[in-house]
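Colleague: Need a 3D model of the following:
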Amino acid sequence: MFEELQLDRHLRLGIDALALTEATEVQKLAIPAALQGADLLVSAETGSGKTLAYLIPLAQKILAAPSTRRRADPPGTPRCRSRSPETFRPERPSNARA
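Modeller: Numbering: from 1, shown residues only. Predicted coordinates:
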């Protein structure tokens, strides 16, 4: 069933790496509905595949979403800095006098 779903390539590779070839009954019912945007409330025994039935559609939605990141800086430019109180030394503005 997994190969029939139109999933992101990276998600399919992950499923293949886990050697998941046959979906459980819960997954067969829940995954297609969730991929179509249905709200789900699933109740089944432990080990029935509920978690994966929720996670595959969630991962697909995340992977299919257009990226909202816009890079103004060249790749590799730090996006934030973290300093401990022991090493923090405020920088003086260039026009400050000693």
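Colleague: helices or strands up against the lengthiest helix in the chain?
Modeller: Longest helix of the chain, by residue count under DSSP state H: helix 50-64. Helix 50-64 sits against helix 9-17, helix 25-35, with contacts defined as 3 or more C-beta pairs under 8 Å, 6 or more residues apart in numbering; DSSP states H and E. No exception for glycine: its C-beta is placed from N, CA and C like everyone else's.
Colleague: and the last one with helix 50-64, angle?
Modeller: Computed by axes from the mean of the first three to the mean of the last three C-alpha atoms, to 10 degrees, the angle separating helix 25-35 from helix 50-64 equals 30 degrees.
Colleague: can you check the first one too?
Modeller: Taking the same axes, to 10 degrees, helix 9-17 and helix 50-64 form an angle of 150 degrees between their directions.
Colleague: Let's see the pLDDT reported for residue 15.
Modeller: Looking at residue 15, its pLDDT is 90.
Colleague: From residue 43, how far out is the closest residue to it other than its chain neighbours?
Modeller: Nearest residue to residue 15, sequence neighbours excluded (C-beta to C-beta, 6 or more residues apart in numbering): residue 2, at 5.2 Å. The gap separating residue 2 from residue 43 is 23 Å, by C-beta to C-beta, to the nearest Å.
Colleague: which of those two has more neighbours?
Modeller: Remark: of residue 2 and residue 43, residue 2 carries more neighbours, 18 against 7, as counted by other C-beta atoms under 10 Å.
Colleague: isn't that one right next to residue 24, touching?
Modeller: No - if you go by C-beta atoms under 8 Å, residue 2 and residue 24 don't touch, sitting 11.2 Å apart.
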